[in-house]
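J.: This is a predicted model, with the sequence first.
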Amino acid sequence: MAQQTTTKTATTSAQLPKITEWPGAFGIYKYSKQAIMRNINTFIVLIVISTIINLLSNTIGGSKPSLLLFIATVISALLSVVISIALLVVYLAGISNKQISVSEALNGISKYFVNYVVASIVAGAAALASFILFIIPAFFVIPRLVFTPFLVIDKNLGALDAVQTSWNMSKGHVGKVYGILGATIAMSLLALTIIGIPFAIYFVFMYGAATAVLYNFVSTNK
């Protein structure tokens, strides 16, 4: 038992190596998993909170329209944004080989909150406009904006600066973004069978930091 505990500690405390050559969408699974395992307890707590919020939101959504329903919906949406930001903070900490607690992940969210929301709206509007107006195909615009939330949190950039920087950073990496999306879908397909559901959940959760890994790769290999 003592030997098993020692092995587990060594695994979760191992340094996440710098990626100098992109290993492919499935190749980064181990890096994403290692980043998450570094703060696995914090990650699990945030996922549980997120699940509870979603369950409550779905329950409230079935109620008749009322002022109380509107207030509850707004609160649920705000809490979902808070948890989303906290998870990004955890991902960024993991790929930087840092340990972070739940309270640390939640502290300071207020300074990112407005820029995160505005940046999300701007990025979403840009993607929607490209889809409707066909100025630039949406399938090309969307992956170019994928680093936006990371830049708001990691570099403390304003909304517009984050969108513009993401556009510049992601040049030449669109294929990698779609590779991550494809790998996520492939892992999710395991859920098509009952026996595959727990495996799909595990793999998708452990792959959750994949975009953060790509962000770190692009940032450190300019």
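T.: Received, thanks. Residues are numbered from 1 along each chain as shown.

J.: in the protein, which ranges drop under the pLDDT threshold?
T.: For the chain, the stretches flagged by pLDDT under 70 are 1-15, 60-65, 134-136.

J.: which stretches of it form helices?
T.: Here the chain has its helices, by DSSP state H, at 2-13, 29-38, 40-61, 67-95, 102-106, 109-133, 138-144, 148-154, 159-169, 174-188, 197-206, 210-220.

J.: list the contacts for the most centrally placed residue in the chain?
T.: Nearest to the geometric centre of the chain sits Leu88, at 5.3 Å (C-alpha atoms, centre = their mean). Each residue near Leu88 by C-beta atoms under 8 Å, 6 or more residues apart in numbering is listed here: 149-150, 153, 212. For glycine as for every other residue, the C-beta is placed from the backbone atoms N, C-alpha and C.

J.: Then Val102?
T.: Going by C-beta under 8 Å, 6+ apart, Val102 touches 42, 45-46, 86.

J.: ok, now how distant is it from Ser80?
T.: 16 Å (C-beta to C-beta, to the nearest Å).

J.: How about Gly94?
T.: Counting by C-beta to C-beta, the gap from Gly94 to Ser80 is 21 Å.

J.: who's more crowded, the two?
T.: Gly94 (29 against 15; other C-beta atoms under 10 Å).

J.: which ones are touching the closest residue to Ala162 other than its chain neighbours?
T.: Closest residue to Ala162 in three dimensions, ignoring its sequence neighbours and counting by C-beta to C-beta, 6 or more residues apart in numbering: Leu151, at 4.1 Å. Leu151 makes contact with 157, 161-162, 165-166, 169, according to C-beta under 8 Å, 6+ apart.

J.: can you pick the most crowded of those?
T.: For those, the largest number of neighbours (other C-beta under 10 Å) sits with Ala162, at 28 neighbours.

J.: Does that residue touch Asn115 like I think?
T.: Yes: when contacts are counted by C-beta atoms under 8 Å, Ala162 is listed as touching Asn115 (7.0 Å).

J.: Lovely, talk soon.
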